[in-house]
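# fold the stuff below for me.
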Amino acid sequence: MKLEEALRIFRSFSDRTRLRIFLLLLDSELCVGELMALLQLEQSLISHQLKKLRQAGLVEQRKSGRWIYYRIPAARRQQLEPVLRDWLKEELMASGRRVKAIKEKQVCRIPSSCTGRVKGATRMKAPAALKGKKFKKG
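Take a look at the predicted model:
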């Protein structure tokens, strides 16, 4: 790896959100809706960070229907995964559990018969802290 390439990678990982996205993608290919559910961040912020990761050559995309799925290229995975697994073992284990839970909910693949919407529409659930709370209007 050349120095400029290493600098580009380390700059990308200097942002907490980009590093968290990369760690989640180490576990599984994900769409923006799944990343939103996992990170509890807005779509625009996640899309911006994915753009930065793509520009650094750390993430690639694949379109399937109306969804775009993001993954780490095989060459990058082989190059960076061993290092990150040693450094961030506990974070990766927690990320893996979160990814599994979100994949089971099928955030990006809700059948139209369940939602009454266009097939593939995303339905986000309220965070647990807000469930059952009543808010005053005004």
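# which ones are touching Arg62?
Contacts for Arg62 (Cβ atoms under 8 Å, 6 or more residues apart in numbering) come out as 29, 68-71. From N, CA and C alone the C-beta is placed, and that goes for glycine too.
# which intervals of this protein have sub-threshold pLDDT?
1, 89, 92, 106-107, 109-138 (pLDDT under 70).
# quick one, helices of it?
3-13, 16-27, 32-39, 43-55, 74-87, 89-105, 112-115 (DSSP state H).
# tell me the gap between the second one and the middle of its chain.
Looking back up the chat, that one is helix 16-27. 7 Å (Cα atoms, centre = their mean, to the nearest Å).
# please save the CA atoms from it in CSV.
Provided in CSV are the C-alpha atoms of helix 16-27 (Å, rounded to 0.1, in the frame of the first residue of the first chain):
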residue,chain,number,x,y,z
ARG,A,16,-16.6,8.1,13.9
THR,A,17,-19.7,7.7,11.7
ARG,A,18,-17.6,6.5,8.7
LEU,A,19,-15.7,4.0,10.9
ARG,A,20,-19.0,2.7,12.4
ILE,A,21,-20.5,2.3,8.9
PHE,A,22,-17.3,0.4,7.8
LEU,A,23,-17.4,-1.9,10.8
LEU,A,24,-21.1,-2.7,10.1
LEU,A,25,-20.3,-3.4,6.5
LEU,A,26,-17.6,-5.8,7.6
ASP,A,27,-20.4,-8.0,8.9
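# cheers, nothing more for now.
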